[in-house]
Structure formats: C-alpha cells, structure tokens
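Novice: no sequence on this one, just coordinates:
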C-alpha cells in the first residue's frame, strides 16, 4: 500500500487535486480558498504545494491529498486511494485482490449495470429514435452513457448474477426490489440515465418510463435509485463531474431542472450546467457549487408557475450568499425544447441572464395596480433583500425599487426595517470560529509555529530573540504532537512568509508578553476584588492585608507594562 501511495504522490500535485473541487487563488507561495467544509466569507483554507498539505484555520481540518479526497467525497481511505490512483495512472491490482471492500464492489456493479442498459438501447430502436427525436445526437447519447432497461422482470438481475454479484449486493446497490412475490429489477421498460459522482463514477440511475404495460409502482414518469452506500441524492448534482472545470473557468454555474435539460445544454456547448436529480435543491448542493463559483444562473419557465416552483431554490441560494441570476427562456419553454428548436436562443438566454432582483422588478412592470405592486415588493422582494450580507448591494436595489415606483428611498428603508431578521441562516450568523480557547492560546500557537519554522535559521540575532523568549516563559516545544507542529508551522509560513522575520517575531513576542500580562492582570483583579469585599464586610487578617498590598503592587506594575507594550507597537 505504501508504495502505491508514494507513487501517487510523486505523480500528482495536491494543488491540482484540490483544484478539481475548489477554486484556488494564489497567496504567495501557497494557495487559498473559502473552505469547502464550512461556510465562510473570508478564505481560511490554505494549500501548500511545498509541503503537499492543506489546512483550514477556520474549522481546523487538514492533511494531505488523500485526507482531502476522503473528506470531500465522503469515502474511506481505500476508496480515496483508488480515486487518486485512477487519476495518477497507478495500478492497484495487487492491492485490489487483497481489499475487495463493499463500496468498490458496488461501484463496479453499477458500471456493469450501465453497460447492460447501453446494450439494451442498441436493441430497442424505438427508444433510440425517441432520444434522437428529442434532439440528442448519437455521440451525446454515447458520451452520457444513456441506455434502456428492457421490460423483463429479471433481465439485469440475471446479467449481474452471471457476473458473480450476489442478490444481496444487487439489492444494496438499489437495483432490485424485494416483495412477497420474489425479487425483480427495479428499472424495467425505461430509458436509463446513469448518475455520476464528482469523480465520474456511476452511483445511481434515473429511469424515464417508455413503452406500455407498466406495473402500478412504475407509473411515475421518472424513478430513481434509492439511497445506498454510494448514492445520496441530496449530495449529488447531475452532470457536476463534467461541469466542474467549466464552472471554475467561467465562474458561473447554471442550474437546470432535469437530465434532458442538462444533456441538451452540454450538447449545445453550455457545459457549466448541472441539475438536481430526484430531489429538491439542498444546502449541500449549494456548498458544492460555492466551492467553484459565487454565481448561479437558474433556468425555469417564464410564467408564474415556473417562478413559484423556483422560489425555494432562489431563497436558498441567496441565503447561502450566492449571486443569483435568471436565464429567461422565451415562450415559457424548458431548456431542452428550446435547444432542440434553436440552441442559440438558449445560449443567448444564459449570456443575458438577469440578476434576480432585476427579474422581480421586471415582473412588476406587468402589474397595473399600484397596491398589488407594493404588496409584491413587501412579500417577494424585500424579504430576499433582507438576507443579503452586503449593505451596498441592498442599498443599490432599494434605490432601484424607489426609482421604479417613483417614491422616496426612505419609505422603502422603513419597510425593510419591518422584515424579520430570523430568516437569515447560518451563512449570516456563523462567524469563523477559532478552536483555541482564547487569544493568548492563539498567539502562543503562532509563536510555536514561528519558532519551529525558523529555529534552524542562521540569523544569530533571531536565534537569540527566540532563545530568550523560550527561557523567559519556559516554552516547551515538545509538548505538541507532530500533526499540530506541522499545522503551526504551516500557519506561520502563511502569515509571516515574505516579511522581515526578525520584526515579525518581535511583534509576535510583544503581543505574547502583552496577552500574558493581561491574563495575569485579570487574575489579580479577581483576587483583589475578593479581598476588598472581605475587608468591607469584616476586615482582613494581617497576612491577608500583606497579600492585598502585594496584589495591588503587581497590578500597578502590570498595568504600566501593558502601557509600555502598547507604546512599542
């Protein structure tokens, strides 16, 4: 295993691996981003190409490329190893023979199922022609692995049995249904769209009904793979594996409703599109998008029904601090039909997408009654403005509302004040937390990182400064675990790299001395308060009076020291 790990690390750079999931920006010799594992506005997630490590100073996660893939994909080490081995072109055959874990078996099973359905489509000319009539090209059908589930009760079941998969494994993959009458294929007589995870592996299917003679449980137009150990519909965005590079490149993510909309958009060349599959939009979906872009474009029908259906998604995106735009499709058509008739219309709609508040204000133009306009502003627009984190953006749109209604801005602001702020989610309330107990601990940890980072430095003056501080406060450099030491050094590199090291250390040491003095000052203040209360209620013993005087002397001395520290800043 270790040789495989080393091979992978020698062929892959952690920056390239993480950049496949998160939009990174250069920060000196390192890279930074907003953390993909918790909501934040200011980047605290850093990647070091020199150390080949990553760390978030907000949620305190960190590690190497393997730990990152485990976190981001929600997999165990074995699965992360396989994902990175595929990317690096490293063979894991000896490893695979020893470790046939359940997840890898089911992933291979799903790939076999996809192949079975592809062969099924080749044999069903009617289903193939239906897809072509919907506007799909032969190469698109092949590229997206679209297939057909024949109407037989146990067609896939028998096929997978012949591939040495057990009924239990097939059931765990969500590909069969068990009833009093026995077991049978979940998907029968349906056009099959494989659902891929972020790494392009088949984890589920969405089946569209096609043909007649379906049983009652299959009368739904679409059915999807149920929750399994490899498929969680609340965490999968259909097409994300194909769209992520284009989302990062364009800094825009287009959200459409279904598989056909997504596939036709990619066929038309608009490849930064994703779709939710078999579920409503979730915060997890939006966090996936936010890793790569702050901008989301939603496409839905222009009529009121289409607007109502998308309101929840719009609200969630705004609450997650995304810039929301709407791609307005003429004549109320969905993207798939629009692209079939004229791909340029879809491309134009995306390129000319409107900010959500522009979109809402344009809708007001169709309302003749002033009372209805005001009601729409109060019930639709202002509650959404209330969740914006930017006061500048809010002020801009309030001015727009006032201009369009030809009223004073003050009136709109007064209405804004009435909006309940409880609607704001954790995106607005959650502050980036530091896991250290207090500011002193934070400074001490940074000091440790600086010392460990520069302790081999050849500068004699810097060495002397470090040694003096270590002796003064009896700092034990060995009390920390190797992982924490690595983290502290990484943070020091990020915070102080490229500066005047001696001045940076002097300033840090000064802050440390000042915080130490403040901590002791707070302790003395409590002790003095206790003794003064006792003196007021019944008097002090002689030794307590001496102690109080000692405390007061130390308190005054520390106060002067803190003032001197402030002057040196």
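Specialist: That came through, no problem. Note that the coordinates shown come from a computational prediction; the quantities given were computed from them, not determined experimentally.
Novice: how many other residues sit next to residue 14?
Specialist: By other C-beta atoms under 10 Å, the residues close to residue 14 number 21. Every residue, glycine included, has its C-beta placed from N, CA and C.
Novice: that one against residue 46, yeah?
Specialist: No: distance between residue 14 and residue 46: 11.3 Å, which falls outside the contact criterion (C-beta atoms under 8 Å).
Novice: which neighbours do the two share?
Specialist: By C-beta atoms under 8 Å, 6 or more residues apart in numbering, residue 14 and residue 46 have these common neighbours: residue 54.
Novice: how about residue 234: what's its closest non-neighbour residue?
Specialist: Take residue 234 and drop its neighbours on the chain: the residue closest to it by C-beta to C-beta, 6 or more residues apart in numbering is residue 282, 4.6 Å away.
Novice: so the nearest residue to residue 59 once chain neighbours are set aside, which state does it fall into?
Specialist: Using C-beta to C-beta, 6+ apart and skipping the chain neighbours, the partner closest in space to residue 59 is residue 38 (4.4 Å). What DSSP: H, G, I helix; E, B strand; the rest coil gives for residue 38 is coil.
Novice: roughly how far apart are residue 38 and residue 281?
Specialist: 19 Å (C-beta to C-beta, to the nearest Å).
Novice: the two: which is more packed in?
Specialist: For residue 38 and residue 281, the more surrounded residue by other C-beta under 10 Å is residue 281, and the numbers stand at 21 against 18.
Novice: could I get the contacting residues of that one?
Specialist: By C-beta under 8 Å, 6+ apart, the contact set of residue 281 is 255, 312-313, 316-317.
Novice: quick one, domains of this protein?
Specialist: Segmentation of the chain into domains, based on automatic domain parsing, reads 2-98, 102-224, 241-423, 439-568.
Novice: so what secondary structure elements neighbour the helix or strand hosting residue 55?
Specialist: Using DSSP states H and E, residue 55 sits within strand 53-56. Counting contacts by 3 or more C-beta pairs under 8 Å, 6 or more residues apart in numbering; DSSP states H and E, strand 53-56 packs against helix 14-19, strand 45-48, strand 62-63, helix 482-496.
Novice: how about 6 Å then?
Specialist: strand 45-48 (3 or more C-beta pairs under 6 Å, 6 or more residues apart in numbering; DSSP states H and E).
Novice: distance from the strand it packs on to the middle of the chain?
Specialist: 15 Å (C-alpha atoms, centre = their mean, to the nearest Å).
Novice: skipping its backbone neighbours, what lies nearest residue 409 in space?
Specialist: residue 402 (4.4 Å).
Novice: and residue 397, what is it in contact with?
Specialist: Residues counted as contacts of residue 397 (C-beta atoms under 6 Å, 6 or more residues apart in numbering) are 357, 385.
Novice: residue 384 now?
Specialist: residue 318.
Novice: list the buried residues of the host helix or strand of residue 139.
Specialist: According to DSSP H and E, residue 139 maps onto helix 138-143. Within helix 138-143, the residues scored as buried using 16 or more other C-beta atoms under 10 Å are 140-141.
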